[in-house]
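Colleague: using only what follows, build the 3D model:
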Amino acid sequence: MIKFLCMAILLAILLAFSTSFVNAGTFLDEITDVLPTESVNQWQSSPYTEDAAPIQSHYSGSECTNKTQTQLNRETSKQNGNSSECYISEFPDRGIETHIQSTEQGDFSVGVKWEID
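Modeller: The predicted model follows:
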């Protein structure tokens, strides 16, 4: 008798959970009819669009010093002279630039320029 009672309780619990899972699919279908998920994000630009892709440039020597003197330590740039290498990443239409300058001696400087409207 106890076995039968335990099985009946277990069956009732399983039946209660299974009906909620069956109804969950119907509820999700109804919610997309009321609020379509495709149109919600159409106004947001994708981070993978062309205007968000960085433009990367490499400079060396005096050209490197001229490009990075406003962002990095000027004395380090002058001391390194022609042995410096620069990598600049620009994000067009975002106002963000990153500057990395390195030397043969292993010294490096990093700068970030972010224009906020």
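Colleague: after the worst-scoring helix or strand of the chain on mean pLDDT, which helix or strand is next?
Modeller: Least confident element among the helices and strands of the chain, by mean pLDDT, DSSP states H and E: helix 74-80 (a mean of 50). Past helix 74-80, heading to the C-terminal end, the next element that is a helix or strand (DSSP states H and E) is strand 85-91.
Colleague: the chain: helices as residue ranges?
Modeller: Under the criterion DSSP state H, the chain contains helices at 2-34, 37-40, 62-68, 74-80.
Colleague: ok, the closest residue to residue 59 other than its chain neighbours - how many residues close by?
Modeller: Among residues not flanking residue 59 along the chain, residue 86 sits closest, at 4.4 Å (CB to CB, 6 or more residues apart in numbering). Where you see a C-beta, it was placed from the backbone N, CA and C, and this is true even at glycine. Residue 86 is flanked by 23 other residues according to other CB atoms under 10 Å.
Colleague: domains for this protein, by residue range?
Modeller: Listed domain ranges for the chain are 2-37, 55-114 (source: automatic domain parsing).
Colleague: ok, of those, where does mean pLDDT dip lowest?
Modeller: By mean pLDDT, the lowest-scoring of those turns out to be domain 2-37, with a mean of 70.
Colleague: surely residue 96 meets residue 114?
Modeller: Yes. Residue 96 is within contact range of residue 114, at 5.2 Å (criterion: CB atoms under 8 Å).
Colleague: how near is residue 10 to residue 1?
Modeller: According to CB to CB, to the nearest Å, residue 10 stands 15 Å off from residue 1.
Colleague: quick one: which of those two has more around it?
Modeller: In this view residue 10 and residue 1 are compared by other CB under 10 Å, and residue 10 has more residues nearby, 10 against 5.
Colleague: for residue 2, see how far away the more buried one is.
Modeller: Look at residue 10 and residue 2: by CB to CB, they are 12 Å apart.
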